[in-house]
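*Asks:* Okay, sequence plus prediction incoming.
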Amino acid sequence: GNSVTQMEGPVTLSEEAFLTINCTYTATGYPSLFWYVQYPGEGLQLLLKATKADDKGSNKGFEATYRKETTSFHLEKGSVQVSDSAVYFCAEVAGGTSYGKLTFGQGTILTVHP
Amino acid sequence: DAGITQSPRYKITETGRQVTLMCHQTWSHSYMFWYRQDLGHGLRLIYYSAAADITDKGEVPDGYVVSRSKTENFPLTLESATRSQTSVYFCASSESPTGEQFFGPGTRLTVL
């Protein structure tokens, strides 16, 4: 089956540092790709998405570009804040499936220190 | 309240007991999902539903049962709870099969 691989965490950064969390997927064709964020004690929230090759999703200063040639969707932010501390999940839903089954990566814990 | 809600938020039960986790959404989304979240595994799909009375298995369905008699409700039942079912359970809904999924706040279940 399809799988999503994220860089292992946890990731610890100082405030204003640059963030990259790597994500690669295995689905063939043109899956839709997502980054979800989970703040402590809460459910997951969509952070950004991209639905076709070369699309760039962006939200709250985070960006990710759909790279078909490298099957990647890396998450980046130029200057992280303490409030960005959370768990980040990369996910895909393969095109052509009837029920939109999201496949998640294992999650990356991000901690940002002042 | 508008949105997607889960109840209870916390539950402790014993091995062998039946437990039902509730999920309710107010958007009339067609698609609903149950996931479990475990350390090192991310989220894994248990069951999903494309509409009322249409359900199907996900990645880890064993030991779970679902029903969907109404569009807005999607209860998950553990027929005979086991310790391996200790987890955090998330319900989600979406308008389309490949669109954004909206997640509930989760239910933390402990099976002793």
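*Replies:* Received it, and whenever you're ready, just let me know what you need.
*Asks:* show me what contacts the residue nearest in space to the middle of chain B?
*Replies:* When C-alpha atoms, centre = their mean is applied to chain B, the residue found nearest the centroid is residue B:34 (3.2 Å). Taking C-beta atoms under 8 Å, 6 or more residues apart in numbering or on different chains, we find residue B:34 in contact with B:21, B:23, B:45-48, B:58, B:64, B:66, B:74, B:76, B:89-92. Placement of C-beta: from N, CA and C, glycine included.
*Asks:* Point out the residues in chain B that sit beside chain A.
*Replies:* Counting by C-beta under 8 Å from any C-beta of the partner chain, the residues of chain B close to chain A are B:31, B:33, B:40-45, B:48, B:50, B:56, B:58-59, B:90, B:92, B:94, B:96-106.
*Asks:* Give me the subset of these that lies in strands.
*Replies:* Among the residues of chain B next to chain A, the members falling in strands are B:31, B:33, B:42-45, B:48, B:50, B:56, B:90, B:92, B:94, B:102-103 (criterion: DSSP state E).
*Asks:* ok, residue A:111 - contacts?
*Replies:* For residue A:111, the contact set (C-beta under 8 Å, 6+ apart) comprises A:10, A:11, A:12, A:13, A:85.
*Asks:* beta partners for the residue nearest to the first one when sequence neighbours are not counted?
*Replies:* Of all residues not flanking residue A:10 in the chain, residue A:109 sits nearest, at 3.9 Å (C-beta to C-beta, 6 or more residues apart in numbering or on different chains). Per DSSP bridges, residues listed as beta-bridge partners of residue A:109: residue A:87.
*Asks:* what's near enough to touch residue A:109?
*Replies:* A:9, A:10, A:11, A:87.
*Asks:* Where does pLDDT dip in chain A?
*Replies:* A:95-100 (pLDDT under 70).
*Asks:* List the contacts of residue B:88.
*Replies:* Listed by C-beta under 8 Å, 6+ apart, the contact set of residue B:88 reads B:36, B:37, B:38, B:106, B:107, B:108, B:109.
*Asks:* Run through the bridge partners of the last one.
*Replies:* The one in question is residue B:109. With DSSP bridges as the criterion, residue B:109 is bridged to residue B:11, residue B:87.
*Asks:* My read is that it contacts residue B:14, right?
*Replies:* No. Taking contacts as C-beta atoms under 8 Å, residue B:109 lies outside contact range of residue B:14: 11.8 Å.
*Asks:* where do the contact lists of those two overlap?
*Replies:* Taking C-beta under 8 Å, 6+ apart as the criterion, residue B:109 and residue B:14 both touch residue B:81.
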